[in-house]
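K.L.:
with the sequence up front, the predicted model follows.
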Amino acid sequence: MKTQETKWVIDPTHSKVSFKVKHLMISNVLGSFREFEGAATTAGDDFSTAQISFSLNAASIDTEVADRDAHLKSADFFDAENYPKLTFSGNGLKDLGDDLYELTGDLTIKDVTKPVKLQAEFGGIGTDPWGNVKAGFSVSGKINRKDFGLNWNAALEAGGVLVGEEVKLSADIELVKVQ
């Protein structure tokens, strides 16, 4: 007998997508994206079978500094006017044991798509007071922004650059079962 297909969607009120990148090569700038959506389809409640899709609104970037956010939305970085969405299409979720997974998929920023590997920690499944079944994950990883055409930078007089190439990604995701 075939296992029933289960659909899950991100609960944006209980999820956060954030990043950090080196500034002046001595400290980190933190930011997040305020608008995103995603879904997973699983066989029953088995997330190792998950087909995952995720997108976020490039114009929703928030580093808590309006001028920096405007620069990040510009053609120097995300070019949010011409490329409004960043997308991820998961093509594998390998169970590593102890509620840890390796999530692989294709990340598209601007018009560049590259394969990425992320780490996912499964927090479990629970039911909220209103009867909604939820599942939680913490996802992390890193990418090189230049791989996606995010090349803008400025050389520093003392050596080095203004903005690091490595971007550390972090997402705390709560999914709600819709069937």
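P.N.:
Great, that's in hand.
K.L.:
so where is the protein shaky, pLDDT-wise?
P.N.:
1-2, 156, 158-161, 179 (pLDDT under 70).
K.L.:
who's in contact with stretch 81-99?
P.N.:
Residues outside stretch 81-99 that contact it (C-beta atoms under 8 Å, 6 or more residues apart in numbering): 33, 38, 40, 47-59, 73, 75, 78, 101-111, 116, 120-124. Every residue, glycine included, has its C-beta placed from N, CA and C.
K.L.:
which of the residues you listed are buried?
P.N.:
33, 38, 40, 47, 49-52, 54-56, 58-59, 73, 78, 101, 103, 105, 107-110, 116, 120, 122 (16 or more other C-beta atoms under 10 Å).
K.L.:
residues contacting the residue nearest to Thr3 when sequence neighbours are not counted?
P.N.:
Sequence neighbours aside, Ala43 is the residue nearest to Thr3 in space, at 4.2 Å (criterion: C-beta to C-beta, 6 or more residues apart in numbering). Contact analysis of Ala43 by C-beta under 8 Å, 6+ apart lists Thr3, Gln4, Glu5, Thr6, Thr49.
K.L.:
repeat that for Ile125.
P.N.:
Applying C-beta under 8 Å, 6+ apart, the residues near Ile125 are Asp45, Val133, Lys134, Ala135.
K.L.:
now for those residues: which two are most distant?
P.N.:
Greatest spacing in the contacts of Ile125, by C-beta to C-beta: Asp45 and Lys134 (11.4 Å).
K.L.:
okay, those two: which has more neighbours?
P.N.:
Neighbours per residue, other C-beta atoms under 10 Å: of Asp45 and Lys134, the larger number sits with Lys134, 17 against 14.
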